[in-house]
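Asker: Fold the following.
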Amino acid sequence: MKKNFFVFSLVSCFVFVCLFSYSSKVGAHDLWLNLAHHYNDIGGSVDAYLAWGHSYPFSDFLDLARLDKMYVITPSGKNKSLHPEKENPGTKIKINEQGTYLLAAGMKPGYHTQTTTGYTRKSKNESRNVIHSTWSEKYAKAIFYGDTPGNKAYRKELGHNIEIVPLKDPGTLTTGASLPVKVLFKGDPLAKTFVYGSYLGFSTTGAFAYTTSTNKKGIADIKIIQPGIWRIMVQHIHPADDPKECDDYKYVTILTFEVR
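Answerer: Next comes the predicted model:
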């Protein structure tokens with residue numbers, strides 16, 4: 001009897017942890033970049049959208065007051081700042097070069113504190129009746145092309161506090177291949193962390209089709225099990241240095257690209 005109760009308790013605890021982990025992952029609002037087209041004619045342009053939420057491919061647009069910066073790295077290595085307009089959710093990017101482009105965006109970091117009366121962006125010690133408080137940083141990258149893939153903008157390290165760096169150009173891959181990625185946290189390899197991947201059409205609820213983890217060098221292989229537009233996500237959460245300020249720090253990054 002005691003043995004059965006122990007097994008039941010152990011299983012119940014495992015299920016609770018899994019459900020809590022799953023709900024915290026898919027229930028959170030995150031930032032990613034949607035592109036009208038990942039392959040574009042030279043001389044034309046493409047619209048880029050700051051997607052916000054958890055329903056892929058679209059939930060809502062990011063409030064521009066929360067945007068830190070948005071920019072594009074061209075195939076020749078030029079860094080061009082982008083300035084989204086409130087009147088137009090799509091930011092137009094000119095395609096003047098042949099090869100691989102890297103688009104990047106980051107939100108203004110800040111607190112996300114749950115209280116008994118709702119949510120606030122104040123720290124824990126600035127709030128009352130706190131249930132849980134998090135310092136949050138969110139980043140996004142997208143890879144797209146002028147005509148065909150070329151050059152190495154895709155693997156440029158941008159210095160985000162958390163970052164996914166592809167070690168191969170996704171545009172050169174086909175279904176069944178693997179995309180090796182390096183995950184960095186504050187410039188250093190992030191070992192033994194989960195990497196989640198999914199493709200457009202798999203789920204609209206935020207579920208992921210593929211999960212793996214990084215090795216001790218911060219590298220993971222994403223199996224391209226389906227052609228289409230992919231979204232790769234990594235999050236890193238650790239306890240806050242000062243529990244009076246907040247309970248934990250949360251860093252999230254999402255990379256989008258297309259495999260034909």
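
Asker: Please settle this for me: is I222 part of a strand?
Answerer: Yes - counting by DSSP: H, G, I helix; E, B strand; the rest coil, I222 is found in a strand.

Asker: Give me the distance between it and K156.
Answerer: Here the criterion is C-beta to C-beta, to the nearest Å. By it, I222 lies 19 Å from K156. In short, each C-beta sits where N, CA and C put it, glycine included.

Asker: Could you check which of these two is surrounded by more residues?
Answerer: I222 (24 against 16; other C-beta atoms under 10 Å).

Asker: Could you report the neighbour count for the residue lying closest to Y101 once chain neighbours are set aside?
Answerer: Nearest residue to Y101, sequence neighbours excluded (C-beta to C-beta, 6 or more residues apart in numbering): F144, at 5.1 Å. The number of residues packed near F144 is 26, by other C-beta under 10 Å.

Asker: And the one 4 residues further on, by the same measure?
Answerer: Burial of T148, expressed as a neighbour count using other C-beta under 10 Å, amounts to 12.

Asker: Can you give me the distance of it to H236?
Answerer: From T148 to H236 the distance is 34 Å (C-beta to C-beta).

Asker: what does Y111 give?
Answerer: Distance from Y111 to H236, counting by C-beta to C-beta: 17 Å.

Asker: do T120 as well
Answerer: 23 Å.

Asker: Could you check which helix or strand contains the spatially closest residue to H54 that is not a sequence neighbour?
Answerer: Among residues not flanking H54 along the chain, G206 sits closest, at 4.1 Å (C-beta to C-beta, 6+ apart). Under the criterion DSSP states H and E, no helix or strand holds G206.

Asker: What is the burial count for G206?
Answerer: By the criterion of other C-beta under 10 Å, G206 has 20 neighbours.

Asker: One more: E87?
Answerer: Neighbour count of E87, defined by other C-beta under 10 Å: 5.

Asker: now H83
Answerer: Using other C-beta under 10 Å, H83 is surrounded by 10 other residues.

Asker: what sits against it?
Answerer: By C-beta atoms under 8 Å, 6 or more residues apart in numbering, the contact set of H83 is 70, 91.

Asker: Please apply the same query to A48.
Answerer: A48 neighbours (C-beta under 8 Å, 6+ apart): 33-36, 70, 82, 90-93, 103, 142.

Asker: just L255 next, same as before
Answerer: 140-143, 164, 166, 181, 231-233.

Asker: Most neighbours among those residues, which one is it?
Answerer: In terms of neighbours by other C-beta under 10 Å, these top out with A140 at 28 neighbours.

Asker: Report the beta-bridge partners for that residue.
Answerer: I254 (DSSP bridges).

Asker: I'd like the distance between it and T253.
Answerer: From A140 across to T253, the span is 7 Å (C-beta to C-beta).
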